[in-house]
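Asker: Please work out how this folds:
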Amino acid sequence: MRKIIATLMLSALILSSHQSIAAGPEWITYAKVTKVVVTANGGVNIALSPALSGCTSQSGYGERYASLYPDHPGLDKIHSIVLAAFMADKPIAVWLSDSTCRIGEVELGGRQ
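Answerer: Below you'll find the model as predicted:
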């Protein structure tokens, strides 16, 4: 019985600590924005929950940040959606256009 309980607890722990690993291009279909950083080059980095890993973010913020680069034609619009989601604690869906976690598109409310 103890072994079964231990196995169930370990399974729950593994499932609750799920991370999205950057494999791109791909949709992250449901995530909450946990941090927004405007970088020195005019781009934006965002951290999500569940956390990303394996990204190559701009300005050296590390593997847990997706990057919206300053040359993106929708920079201001995407930045506004990200800020709205962050402030309202609403989910978003994020299109990572490559394996470095470059943001291509976002959808407010997640993607079903």
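Asker: On the three-state scheme, His79 is what?
Answerer: Per DSSP: H, G, I helix; E, B strand; the rest coil, the secondary structure class of His79 is helix.
Asker: Tell me who's in contact with it.
Answerer: The contact partners of His79, by CB atoms under 8 Å, 6 or more residues apart in numbering, come to 44, 68. Where you see a C-beta, it was placed from the backbone N, CA and C, and this is true even at glycine.
Asker: With the one 3 residues further on instead?
Answerer: When contacts are counted by CB under 8 Å, 6+ apart, Val82 touches 33, 36, 44, 46, 68, 92, 106.
Asker: Which of those residues ranks first by neighbour count?
Answerer: Ranked by neighbour count (other CB atoms under 10 Å), the contacts of Val82 have Ile46 at the top, with 29 neighbours.
Asker: give me the beta-bridge partners of that one?
Answerer: Val36, Ala66 (DSSP bridges).
Asker: Using a markdown table, lay out the contacts of Val82 together with secondary structure, distance to Ser80 and pLDDT.
Answerer: Listed next are the contacts of Val82 as a markdown table, based on DSSP: H, G, I helix; E, B strand; the rest coil; distance: CB to CB, whole Å; pLDDT from 0 to 100:
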| residue | secondary structure | distance to Ser80 | pLDDT |
| --- | --- | --- | --- |
| Val33 | strand | 12 | 98 |
| Val36 | strand | 11 | 98 |
| Val44 | strand | 10 | 98 |
| Ile46 | strand | 13 | 98 |
| Leu68 | strand | 11 | 98 |
| Ile92 | strand | 12 | 98 |
| Val106 | strand | 10 | 98 |
